[in-house]
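Participant: Dropping a prediction and its sequence here:
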Amino acid sequence: MQVWADFQTQHKDRFLSELVDLLCIPSVSADSKYKGDVANCANAVKEHLLKAGCDKAEVCTTAGHPIVYGEKIIDPKLPTVLVYGHYDVQPADPLNLWDSPPFEPVIKDGKIFARGACDDKGQMFMHIKALETMVKTNNQPCNIKIMIEGEEEVGSTNLGLFLENNKERLKADIVLVSDTSMISMEHPSIESGLRGLAYMEVEVTGPNRDLHSGVYGGAVANPATILCQLIASMHDENNHITIPGFYDKVLILSDTEREAINKAPFSIEDYKQELGINEVWGEKGYTTLERTGIRPTLEVNGIWGGYIGEGAKTVLPSKANAKISMRLVPNQNSDEIAELFKKHFEKIAPANVQVKVTAHHGGEAVVTPTDSIAYKAAAQAIKTTFGKDPIPTRGGGSIPIIALFEKTLGLKTVLLGFGLDNDNIHSPNEKYDVFNFYKGIETIPYFHKYFADAVK
């Protein structure tokens, strides 16, 4: 609608400036030293919701970091969209790999560089500015509820209880989320599924203290060496995960479904060049798009033990640790997989070390229907602003709370993301294209319009 476009053009510089201010707040949920910053960010989001036109907005306390909730109800008879996002961000480490400080946003070459720029402050903020666009132009097609949490990056620990305790307040017809990516701005897409997650930490202990590697090396088992051997054994020569029972419930797609996934525009050479690798890696018998979308994985996210400081210290460490994530596909259950991992890791550990396995958090895989009214509204919105139909894709990441929306609230979700796979989320130099930010603000109101038109 022209009135939306005129408003967005008039206020685009302010929209960007406000996002930059939000990105300056180091709302790292995983690190307790940032607890005050997380709270400050929650309050900032609340104020933005009120300024955007919400009739009410509040910061809701939890046992962990707060949840921000706001709503603009124009007519109870109209459809209601529940928007979900998160204001917490990943830790910025390693800091020395950033070209600019992670919480001092820089706009360069049409991109915003900052931690949280794409995941998920930039994408979440699009919805607040889209709401403002609709409210200030008196063209809001449906009721809108917005729930922005502060613990997505640590597993949404307290959001499940919040959903249970607020079923009436959160009543809606659909959940709308922008925390995913598109193939490109030239090839817009909508993710129709996400993988689940089981996140583990393992600790291997040998001697009761660090030892001199010359005096004791060769006679006492080195926990770091044992840990590496245990991890390496979890993939076979075909890069197939060796945990017994791991694949028992994996949903196998038909040849037709696999063929459809591989129709998405993709260049393996461009992929390798962009990542700086000589060859891809993964489970034998599957393409890169299949490996990252429809197959489960096991990856080491961090590993440490012994001396890692400057110079040399000849030590045989007492302990070695690793953090391991497993991405899961439909029919796999995160609790079951976590238990299979624990039993297997404990079983294969040799007698000369002790192991401790801790399950941190998890969530289930989801598949969103592409024939629903909501998906079609999203596709129509993209066609309106991009001039072409979106391509359905499967996302490799996880948003654990999506499965809970359906389980607890009985609501399906539409994943209307505007990020790109090369936005470096969870990595140094995270960025978000300014064009994508504005394109999201332009597109989102059309989703509300087309969804409301279809449901009425």
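Facilitator: Perfect, I can see it now. Nothing here was measured: the structure is a model prediction, and the numbers come from that model. Numbering: from 1, shown residues only.

Participant: Would you map the strands across the stretch 351-456 of the chain?
Facilitator: 354-363, 366-367, 391-395, 413-415, 419-420, 431-433 (DSSP state E, counting those that start in this stretch).

Participant: could you say what helices and strands the first one packs with?
Facilitator: The one in question is strand 354-363. strand 196-205, helix 334-348, helix 401-404 (3 or more Cβ pairs under 8 Å, 6 or more residues apart in numbering; DSSP states H and E). In this view, the C-beta of every residue, glycine as well, is placed from N, C-alpha and C.

Participant: Repeat the analysis, applying 7 Å as the threshold.
Facilitator: Under the contact criterion of 3 or more Cβ pairs under 7 Å, 6 or more residues apart in numbering; DSSP states H and E, strand 354-363 touches strand 196-205, helix 334-348.

Participant: Now do that strand: everything it contacts.
Facilitator: With contact meaning Cβ atoms under 7 Å, 6 or more residues apart in numbering, strand 354-363 is reached by 154-155, 157, 196-205, 334-335, 338, 342, 345-346, 349, 398, 400-401, 403.

Participant: and what of the last one?
Facilitator: Outside strand 431-433, the residues within contact range by Cβ under 7 Å, 6+ apart are 110, 111, 112, 113, 117, 118, 122, 419, 423, 424.

Participant: quick one: contacts of the helix or strand harbouring the third one?
Facilitator: Right, residue 112. Residue 112 is part of strand 111-113 when elements are defined by DSSP states H and E. Strand 111-113 has contacts (Cβ under 7 Å, 6+ apart) with 100, 105, 106, 122, 429, 431, 432, 433, 434.

Participant: number of nearby residues for the closest residue to the first one other than its chain neighbours?
Facilitator: This points to residue 100. The shortest distance from residue 100 to any non-neighbouring residue, by Cβ to Cβ, 6 or more residues apart in numbering, is to residue 106 (4.5 Å). Neighbourhood size, residue 106 [other Cβ atoms under 10 Å]: 16.

Participant: Walk me through the domains of this structure.
Facilitator: With domains defined by automatic domain parsing, the chain comprises 2-194+365-455, 196-250+296-363.

Participant: Make CSV out of these and add mean pLDDT and distance to residue 283.
Facilitator: Listed next are the domains of the chain as CSV, based on pLDDT from 0 to 100; distance: least, Cβ to Cβ, whole Å:
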stretch, mean pLDDT, distance to residue 283
domain 2-194+365-455, 97, 13
domain 196-250+296-363, 97, 5
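
Participant: Buried deepest among these, which one?
Facilitator: domain 2-194+365-455 (a mean of 20; mean count of other Cβ atoms under 10 Å).

Participant: Report the outermost residue of the chain with respect to its centre.
Facilitator: residue 215 (46.9 Å; Cα atoms, centre = their mean).

Participant: quick one: it from residue 32, how far?
Facilitator: Taking Cβ to Cβ, to the nearest Å as the measure, residue 215 falls 39 Å from residue 32.

Participant: what do you get for residue 19?
Facilitator: For residue 19, the distance to residue 32 - Cβ to Cβ - is 26 Å.

Participant: circling back to that earlier point, tell me which of the domains of the chain lies nearest to residue 284.
Facilitator: domain 196-250+296-363 (3.9 Å; Cβ to Cβ).

Participant: what's near enough to touch residue 242?
Facilitator: By Cβ under 7 Å, 6+ apart, residue 242 lies in contact with 233, 234, 235, 236.

Participant: Name the nearest of the residues you listed relative to residue 150.
Facilitator: Nearest member of the contacts of residue 242 to residue 150, counting by Cβ to Cβ, is residue 234, at 33.1 Å.

Participant: Identify the bridge partners of residue 414.
Facilitator: Residue 414 has these beta-bridge partners by DSSP bridges: residue 176.

Participant: That one against residue 376, yeah?
Facilitator: No. With contact defined as Cβ atoms under 7 Å, residue 414 does not reach residue 376; the gap is 9.8 Å.

Participant: Would you check how far apart the residue lying closest to residue 335 once chain neighbours are set aside and residue 195 are?
Facilitator: Counting by Cβ to Cβ, 6+ apart, the nearest residue to residue 335 once its immediate chain neighbours are dropped is residue 362, at 6.7 Å. Taking Cβ to Cβ as the measure, residue 362 falls 11 Å from residue 195.

Participant: For residue 263, grab the count of nearby residues.
Facilitator: Neighbour tally, residue 263, other Cβ under 10 Å: 10.

Participant: quick one: secondary structure of it?
Facilitator: The local conformation at residue 263, judged by DSSP: H, G, I helix; E, B strand; the rest coil, is coil.

Participant: Please list all residues in contact with it.
Facilitator: For residue 263, the contact set (Cβ under 7 Å, 6+ apart) is empty.

Participant: change the start of the numbering to 874 and stick with it
Facilitator: Done: numbering now begins at 874, and the last item shifts to residue 1136.

Participant: and the gap between it and residue 1289?
Facilitator: 21 Å.

Participant: now do residue 1050
Facilitator: Residue 1050 is 7 Å from residue 1289, by Cβ to Cβ.

Participant: Extract the C-alpha trace of stretch 906-916 and format it as CSV.
Facilitator: Provided in CSV are the C-alpha atoms of stretch 906-916 (Å, rounded to 0.1, in the frame of the first residue of the first chain):
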residue,chain,number,x,y,z
LYS,A,906,28.0,-10.7,33.9
TYR,A,907,25.6,-9.3,31.3
LYS,A,908,22.5,-9.8,33.3
GLY,A,909,22.0,-6.1,33.8
ASP,A,910,22.4,-5.4,30.1
VAL,A,911,19.9,-8.1,29.2
ALA,A,912,17.4,-6.4,31.6
ASN,A,913,18.2,-3.0,30.0
CYS,A,914,17.6,-4.4,26.6
ALA,A,915,14.2,-5.8,27.7
ASN,A,916,13.2,-2.4,28.9
